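**Q** quick check, what structure comes out for this input:
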Amino acid sequence: MRKFLLTFVLNLFTIIVTASVQYNGLNYELNCSKNTATVLKSESAENLIIPETIIIEGKEYIVTGIDNNAFQGCSQLVSVTIPKTIKNIGTRAFQTGKVVDIYIKDLSAWCNITHKYLHHTTSGQYIYEPIADYRLFLNNSEITSLEIPSEITYLKTNCFSGCKSISTVVMNDKLNYIGDYAFYKCDGLSTIEFSNNVTNIGEYCFCDCRLLENIKLPRFLETLKIGALQNTNINEITIPGSVTEIGSGCFRFCI
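**A** Model (predicted):
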């Protein structure tokens, strides 16, 4: 018999019931109202496979989230398989101090994942960190040349930050917004082919991409946010006439 820790949250019109449970070696928090599950801090094997669904007491729950720091202390972790049902991943979820292999089957689903942040209590800032130092595999093939799927018009915050396998990024013609930290610490990234329709390059978007030397900015770009190209190896760049904002520290440490 499994033991449940039940929590009741009164939310004006509804009562949300959550339960903490262990299933096949992983810890989950269940949302009994929405039939969803979030992976909590757990001990893991070398090769972690996160399921799309789990069944508890005959009821099916869709696994939609992974908590902050969930596997941060698992030094033996080598690879993680993430299902397309995942909607959000916590900061440093798989940050073990070494490079982890992450396997996915749906690149569009990956681009739509929301990455959580740390809240700095002293300064009140939101701090984003990569979920891991990782290599990304799509259908068991390592992604070195990343082509953003045609249905993606907005790259979310932290989307590929920390990814070591990407050397080239090709953006589709519909993409118009690149979120904060989207390629932060992608230290193998050397080539970017922008769509001319991109109007925003977010905060620290390409920060610490130290192999970036030459890029052609989008023709209709409007904003380069704080630290967007900080600590890259860019030695020459043309700013389009459409640009109305260049954030502080955008080219900091571009020696």
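
**Q** list the contacts of V100.
**A** 77-80, 94, 132-135 (Cβ atoms under 8 Å, 6 or more residues apart in numbering). To be clear about C-beta, it is placed using only N, CA and C from the backbone, and glycine gets the same treatment.

**Q** repeat the analysis, applying 6 Å as the threshold.
**A** 77, 94, 132, 134 (Cβ atoms under 6 Å, 6 or more residues apart in numbering).

**Q** what about A132, distance to L48?
**A** As judged by Cβ to Cβ, to the nearest Å, A132 and L48 stand 12 Å apart.

**Q** same check, this time on T64
**A** With distances taken as Cβ to Cβ, T64 is found 17 Å from L48.

**Q** do a quick rundown of the helices in this protein.
**A** Counting by DSSP state H, residue ranges of the helices within the chain are 107-111.

**Q** what's the closest non-adjacent residue to P51?
**A** Closest residue to P51 apart from its sequence neighbours, by Cβ to Cβ, 6 or more residues apart in numbering: V63 at 5.9 Å.

**Q** burial count for that neighbour?
**A** 22 (other Cβ atoms under 10 Å).

**Q** please apply the same query to N88.
**A** Neighbour count for N88, taken as other Cβ under 10 Å: 14.

**Q** and it, bridged to which residues?
**A** Applying DSSP bridges to N88 yields these beta-bridge partners: G65, T114.

**Q** that one against V63, yeah?
**A** No: in this structure, N88 is not within contact of V63 by Cβ atoms under 6 Å, at 11.2 Å.

**Q** and C207, what does it touch?
**A** 184, 227, 230-231 are the contacts of C207 under Cβ under 6 Å, 6+ apart.

**Q** in a markdown table: these, plus pLDDT and distance to K116.
**A** Listed next are the contacts of C207 as a markdown table, based on pLDDT from 0 to 100; distance: Cβ to Cβ, whole Å:
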| residue | pLDDT | distance to K116 |
| --- | --- | --- |
| Y184 | 96 | 15 |
| G227 | 96 | 20 |
| Q230 | 96 | 23 |
| N231 | 97 | 24 |
